[in-house]
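Colleague: from the sequence below, what's the structure:
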Amino acid sequence: MNYPCTVRPIAPADYAQWRPLWDGYNAFYGRQGDTALPEAITAATWQRFFDAAEPVHALVAVQGGDVVALVHYLFHRSTTRLHDVCYLQDLFTAPSHRGRGIGRQLILAVYDAARAAGSSRVYWQTHHTNTAGRALYDQVAAHAGFIIYAKEL
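Modeller: Residues are numbered from 1 along each chain as shown. This next block holds a predicted model:
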């Protein structure tokens, strides 16, 4: 079921509605309580959205005046392409608004932003247990089969 929403760049006045979504996104990935992100990371992330020198961007979905979803993305160089690529880093819809096509609208908006910026690719990762998200992702992109390794430093 699709419900129309407005997708737009995040604005400084959105903080009070963005923050619970950001916290919900982090909780989904186990970053809460003792494992919560340090407040300095959240503050820096928020500031980056409004710094023209930063490659980090944010869009929000608004319904009835309420911010109900977020997407964060960034542009970076690639050794296998001439043009920058776009990494869709965070995507989260308020639980009460899921199943309405909002996530798809945000992904498509990132595709549009990436095209406008001259990017040649948009990619993202998710946890293998995110079955609801993966059902959507399988409709709007191709799973390339990569396994991600990470080392905290």
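Colleague: low pLDDT regions in this protein?
Modeller: Low-confidence segments of the chain, defined by pLDDT under 70, span residues 1-2.
Colleague: now the element after the longest strand anywhere in it, going C-ward?
Modeller: Counting residues, the longest strand found in the chain (DSSP state E) is strand 66-76. Per DSSP states H and E, the first helix or strand lying C-terminal to strand 66-76 is strand 85-93.
Colleague: that following strand pairs with which strands?
Modeller: In the sheet containing strand 85-93, the strands it pairs with under DSSP bridges are strand 66-76 (antiparallel), strand 122-123 (parallel).
Colleague: what sits up against the next helix or strand after the last one?
Modeller: This points to strand 122-123. Next helix or strand after strand 122-123 toward the C-terminus (DSSP H and E): helix 131-140. Taking C-beta atoms under 8 Å, 6 or more residues apart in numbering as the criterion, the residues outside helix 131-140 that touch it are 91, 98, 103, 104, 107, 108, 124, 126, 128, 143. To be clear about C-beta, it is placed using only N, CA and C from the backbone, and glycine gets the same treatment.
Colleague: my guess is the first one contacts residue 108, does it?
Modeller: This points to residue 91. No: using C-beta atoms under 8 Å, residue 91 makes no contact with residue 108, being 11.8 Å away.
Colleague: mutual contacts of the two, please.
Modeller: When contacts are counted by C-beta under 8 Å, 6+ apart, residue 91 and residue 108 have no shared neighbour.
Colleague: in terms of neighbours, single out the busier of the two.
Modeller: The neighbour count for residue 91 versus residue 108, taken as other C-beta atoms under 10 Å, is higher for residue 91 (22 against 13).
Colleague: what about the nearest residue to that one once chain neighbours are set aside, distance to residue 9?
Modeller: The shortest distance from residue 91 to any non-neighbouring residue, by C-beta to C-beta, 6 or more residues apart in numbering, is to residue 71 (4.9 Å). Distance, residue 71 to residue 9, using C-beta to C-beta, to the nearest Å: 11 Å.
Colleague: mutual contacts of these two, please.
Modeller: Between them, residue 71 and residue 9 share the neighbouring residues 58, 59, 60, with contact defined by C-beta under 8 Å, 6+ apart.
Colleague: in contact with the first one, which residues?
Modeller: For residue 58, the contacting residues are 9, 10, 18, 49, 70, 71, 72, 73, by C-beta under 8 Å, 6+ apart.
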